[in-house]
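**Q** prediction below, plus the sequence it came from.
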Amino acid sequence: MINSNPLAKAGLICAMVTLWAVFPCLLQAQMDGPALVKIAVASIKDIAPVTMVPGTVVSRNDARLSAEVTGRLISVADVGTEVLKGEPVAVIEDTMLQLQNVELQAQITRAEARLRFLESEEKRFTQLEQSNLAAATQLEQTRSDRDVARGDLAVARARLEQNRDQLARTKIMAPYDGIVVARLKTPGERVEEGSNVIRLVDQENLEIIARAPLEYFRFVEPGQLLDLRTSSQSVLGEVRTVVAVGDESTHQFEIRVDLEGSLFPVGQTIRVSIPTSDSREVLTVPRDALVLRPEGQSVFVVDTNNQAQQVKVTVGVGQGEHVEILGAVSPGDRVVTRGNERLQPGQAVNVMDG
């Protein structure tokens, strides 16, 4: 039943008004409570202005393996097969080479037998030489035949080794650990010496090839760390080499940057930061310290009372995870790097350990 008492109605309305008046204060008090944050220290770093140029991830071991003997392909590894160094990726029929191997072994056996006979004849004629003048001529002929037999045996052995080498080459071996990315020939096809059979790519030993305008050449050198970025990742890479010859048509020079492990796939496009002038000392903070709001960019500095004070800043050059800032921030100031998204100016904070 609805209470029709005018005094009761007035009391209910008063209570509702009081609640609506107190609720924003309670909400603000909750927002102004200590926030759990992580901090870093603003510091002076020696960095240089950079520009981003496109680069491509390539493998330092990317080869098209070819046949070294003529014959019919028996097997070829499938695309996507991962192989270790020394494992076969393709096999060529070796029937004719196996038959030649048997023939050459027989020739060696015959040559060895003839050489043994002539060596025994030489000994016999040597004993007869002193008493039989005719034996001297026969001795010279035997020695000549013996030398020819030694040469024939050496030739036969060399041919056998050559044939064995050819037999070994009927298996195309992986020269490094890698993955098969293309079959250029299929089983059943006949290949000639030098025919490309398979493409093998090493996915571990990677580098980035980038090209930059020649005007920045003097600011890049081997051993330098450059920022490498994709849409979702940012890592540092060390310059392995700088090609000191510019392209006449594009007026660019080439940079090769080492990559550790397999962070990116071969063929990935990477943005590479290239210094555009000499380095200089600037005040920097981690990129995570920047707060982007409609009123502009800022950072929250934690004061001695553990309260977060919002300071507007202008962003300058960056390097890796750090960026230059210009504003009322001093070296050594503690800036919030985590938990700053919902901070309010003057709000108390509790600093996370580590």
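**A** Right, received. Where do you want to start?
**Q** in the chain, which residue is most central in space?
**A** Leu206 (2.6 Å; CA atoms, centre = their mean).
**Q** Leu259 is in contact with that one, correct?
**A** Yes - here Leu206 reaches Leu259: they are 4.2 Å apart, a contact under CB atoms under 8 Å. From N, CA and C alone the C-beta is placed, and that goes for glycine too.
**Q** shaky segments in the stretch 51-200 of the chain?
**A** When residues are selected by pLDDT under 70, those of the stretch 51-200 of the chain lie in 129-135.
**Q** mind listing the strands in it by residue range?
**A** With strands called from DSSP state E, counting those that start in this stretch, the stretch 51-200 of the chain shows them at 62-66, 71-76, 82-83, 88-92, 171-173, 178-183, 190-191, 196-201.
**Q** before we move on, what SS does Glu221 have?
**A** Secondary structure for Glu221, judged by DSSP: H, G, I helix; E, B strand; the rest coil, is coil.
**Q** before we move on, the earlier item: so who does the residue nearest to the centre of the chain touch?
**A** Applying CB atoms under 8 Å, 6 or more residues apart in numbering, we find Leu206 in contact with 57-60, 259, 262, 264, 266.
**Q** and those, which is closest to Ser120?
**A** Arg60 (60.5 Å; CB to CB).
**Q** for the closest one, give its distance to Ile274.
**A** 21 Å (CB to CB, to the nearest Å).
**Q** could I get the contacts of Leu206 as JSON lines with distance to Gly246?
**A** Output for those, formatted as JSON lines (distance: CB to CB, whole Å):
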{"residue": "Val57", "distance to Gly246": "23"}
{"residue": "Val58", "distance to Gly246": "20"}
{"residue": "Ser59", "distance to Gly246": "25"}
{"residue": "Arg60", "distance to Gly246": "23"}
{"residue": "Leu259", "distance to Gly246": "24"}
{"residue": "Ser262", "distance to Gly246": "31"}
{"residue": "Phe264", "distance to Gly246": "27"}
{"residue": "Val266", "distance to Gly246": "26"}
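**Q** show me what contacts Asn305?
**A** With CB under 8 Å, 6+ apart, Asn305 has these contacts: Ala348.
**Q** repeat that with 10 Å
**A** By CB atoms under 10 Å, 6 or more residues apart in numbering, the contact list for Asn305 reads 346, 348-349.
**Q** now it: phi and psi?
**A** As for Asn305, its main-chain torsions (degrees, to the nearest 10) stand at phi -90, psi 10.
**Q** find residues that contact each of Leu206 and Leu259.
**A** Going by CB under 10 Å, 6+ apart, residues that sit against Leu206 and also against Leu259 are 57-60, 237, 268.
**Q** by neighbour count, which of those wins?
**A** Highest neighbour count within the shared contacts of Leu206 and Leu259: Gly237, with 25 neighbours (other CB atoms under 10 Å).
**Q** residues in contact with that residue?
**A** 55, 206-208, 210, 224-228, 255-260, 263, 270, 272-273.
**Q** selecting buried members of those in PyMOL, what would you type?
**A** Entered in PyMOL, the line below selects the buried ones among the contacts of Gly237, by 16 or more other CB atoms under 10 Å:
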select buried, resi 55+206+207+208+210+224+226+227+228+255+256+257+259+270+272+273
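**Q** give me the longest helix you can find in the protein.
**A** Determined from DSSP state H, the single longest helix within the chain is helix 133-168.
**Q** to the chain's geometric centre, what's the distance from that helix?
**A** 55 Å (CA atoms, centre = their mean, to the nearest Å).
**Q** list the buried ones in that helix?
**A** 135, 138-139, 142-143, 145-146, 149, 152-153, 156-157, 159-160, 163, 166.
**Q** between those residues, which is nearest Gln307?
**A** Distances from Gln307 to those, taken by CB to CB, are shortest for Gln166, at 82.1 Å.
**Q** quick one: the closest one and Leu97, what's the gap?
**A** Gln166 sits 5 Å away from Leu97, going by CB to CB.
**Q** shared neighbours of these two, anything?
**A** Common neighbours of Gln166 and Leu97 (criterion: CB under 10 Å, 6+ apart): 69, 71.
**Q** so the closest residue to Lys312 other than its chain neighbours is in which element?
**A** Using CB to CB, 6 or more residues apart in numbering and skipping the chain neighbours, the partner closest in space to Lys312 is Ser298 (4.9 Å). Here Ser298 sits within strand 296-302, counting by DSSP states H and E.
**Q** need the pLDDT of Glu324.
**A** For Glu324, the pLDDT comes out at 88.
**Q** next: the one 4 residues further on.
**A** The confidence metric pLDDT takes the value 91 at Ala328.
**Q** please verify my assumption that it contacts Thr314.
**A** No - taking contacts as CB atoms under 10 Å, Ala328 lies outside contact range of Thr314: 11.1 Å.
**Q** circling back to that earlier point, of the strands of the stretch 51-200 of the chain, which is nearest Asp278?
**A** So among the strands of the stretch 51-200 of the chain, strand 62-66 is nearest, using CB to CB, at 36.2 Å.
**Q** please save the CA atoms from the closest one in CSV.
**A** Listed next in CSV are the C-alpha coordinates belonging to strand 62-66 (Å, rounded to 0.1, in the frame of the first residue of the first chain):
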residue,chain,number,x,y,z
ASP,A,62,69.2,-19.5,-48.5
ALA,A,63,70.3,-21.8,-51.3
ARG,A,64,69.0,-23.6,-54.3
LEU,A,65,70.7,-27.0,-54.1
SER,A,66,71.6,-28.6,-57.4
